[in-house]
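Asker: Next comes the sequence, and after it the predicted model I'd like to discuss.
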Amino acid sequence: GVSRQRSTNQRRSAATNNNMASAAGGVTDAVALKTLLVYASNVSKDDEKYRKIRIGNEKFVERVWRHPEARAVLLGMGWVENDQGFLTIPAGTDVSATVAAIEAQLAAVQSGDVELKRSESAEERKAAIEARRTAFMKQKKHEEAERQRIRQKMEADRQAAALRKAKTSKARDVKFGGRVTRFEDVGVDLNAGGG
């Protein structure tokens with residue numbers, strides 16, 4: 001019944017996800033990749049509305065469906081076109097491999113490094129994507145370490161500032177007296193109406 005069909009769909013989806021790295025590598029549009037990530041993350045939500053896409057939706061067509069590579073990724077993820085004009089995906093479909101492949105490709109597109117040759121084998125493309133993903137993650141780790149260093153420095157500065165004794169300004173002690181220069185002293189007549 002339904003349970004058997006669901007487990008069959010999940011197995012089929014898991015097998016397909018293994019090939020998604022090479023399919024995602026063909027998508028070079030950042031908007032399409034971001035939209036695919038949203039759809040993939042929505043699959044895990046309990047609400048049925050997140051597992052249904054209207055094919056006639058203009059935004060969907062513009063962002064994803066018009067790109068054959070993005071369409072292949074979406075269908076390979078486990079989405080199935082029905083006769084009511086919707087794409088649907090069964091609850092519990094595992095798309096983790098697809099998400100990783102899409103994230104790696106998005107990082108490559110955003111960094112401008114998308115020159116994968118069609119003649120490369122799927123394994124070579126997968127290795128290239130993984131290398132870019134590793135480089136991207138290394139860069140992110142470096143940036144996070146730098147942010148952490150800056151946060152620690154800011155906190156140390158705050159603590160040092162809190163320990164310093166506040167000094168009053170010496171300017172407050174000066175009383176107006178004979179050394180004050182006024183406009184009249186330098187020959188400026190404020191009532192002359194100048195112009």
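Answerer: Cool, got the structure.
Asker: any idea of the mean pLDDT in stretch 73-81?
Answerer: For stretch 73-81, the mean pLDDT works out to 86.
Asker: Same question for it: list its buried residues.
Answerer: By 16 or more other Cβ atoms under 10 Å, the buried positions in stretch 73-81 come out as Val73, Leu74, Gly76, Met77, Gly78, Trp79. For every residue, glycine as well, the C-beta is placed using N, CA and C.
Asker: tell me the secondary structure for the second one?
Answerer: Under DSSP: H, G, I helix; E, B strand; the rest coil, the three-state class of Leu74 is helix.
Asker: That one is in contact with Arg63, isn't it?
Answerer: No: assessed by Cβ atoms under 8 Å, Leu74 is found out of contact with Arg63, at 11.0 Å.
Asker: just checking, what packs against whichever strand or helix holds Leu87?
Answerer: Leu87 is part of strand 86-88 when elements are defined by DSSP states H and E. Packed against strand 86-88 by the contact rule (3 or more Cβ pairs under 8 Å, 6 or more residues apart in numbering; DSSP states H and E) you find strand 52-54, strand 80-81.
Asker: which helices and strands sit right next to the last one?
Answerer: Helices and strands in packing contact with strand 80-81 are listed as strand 86-88; criterion 3+ Cβ pairs under 8 Å, 6+ apart.
Asker: Okay, buried residues for the strand it packs on please.
Answerer: Within strand 86-88, the residues scored as buried using 16+ other Cβ under 10 Å are Phe86, Leu87.
Asker: ok so Gln84 is a strand residue?
Answerer: No: read with three-state DSSP, Gln84 is coil and lies in no strand.
Asker: mind giving me JSON lines with the helices and strands packed on strand 86-88 and columns for distance to Val31?
Answerer: Supplementary listing: the helices and strands packed on strand 86-88 in JSON lines, determined by distance: least, Cβ to Cβ, whole Å:
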{"stretch": "strand 52-54", "distance to Val31": "16"}
{"stretch": "strand 80-81", "distance to Val31": "22"}
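Asker: ok, residues contacting the strand holding Leu87?
Answerer: Contacting residues not belonging to strand 86-88 are listed as Arg51, Lys52, Ile53, Arg54, Ile55, Leu74, Trp79, Val80, Glu81, Asn82 [Cβ atoms under 8 Å, 6 or more residues apart in numbering].
Asker: again, but for stretch 33-42
Answerer: Contacts of stretch 33-42 (Cβ under 8 Å, 6+ apart): 24, 27, 50-51, 53, 60, 63-64, 70, 73-74, 77, 79, 95, 98-99, 102-103, 105-106, 109.
Asker: Which parts of it count as buried, going by neighbours?
Answerer: Going by neighbour count (16+ other Cβ under 10 Å), the buried part of stretch 33-42 is Leu33, Thr35, Leu36, Leu37, Tyr39, Ala40, Asn42.
Asker: Which strand or helix spans the fifth one?
Answerer: Element membership for Tyr39, per DSSP H and E: helix 30-42.
Asker: Redo the buried residues of stretch 33-42 as TSV? Include distance to Gln159 and pLDDT.
Answerer: Formatted as TSV, the buried residues of stretch 33-42 follow (distance: Cβ to Cβ, whole Å; pLDDT from 0 to 100):
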residue	distance to Gln159	pLDDT
Leu33	44	87
Thr35	46	88
Leu36	46	87
Leu37	41	87
Tyr39	47	85
Ala40	44	84
Asn42	45	81
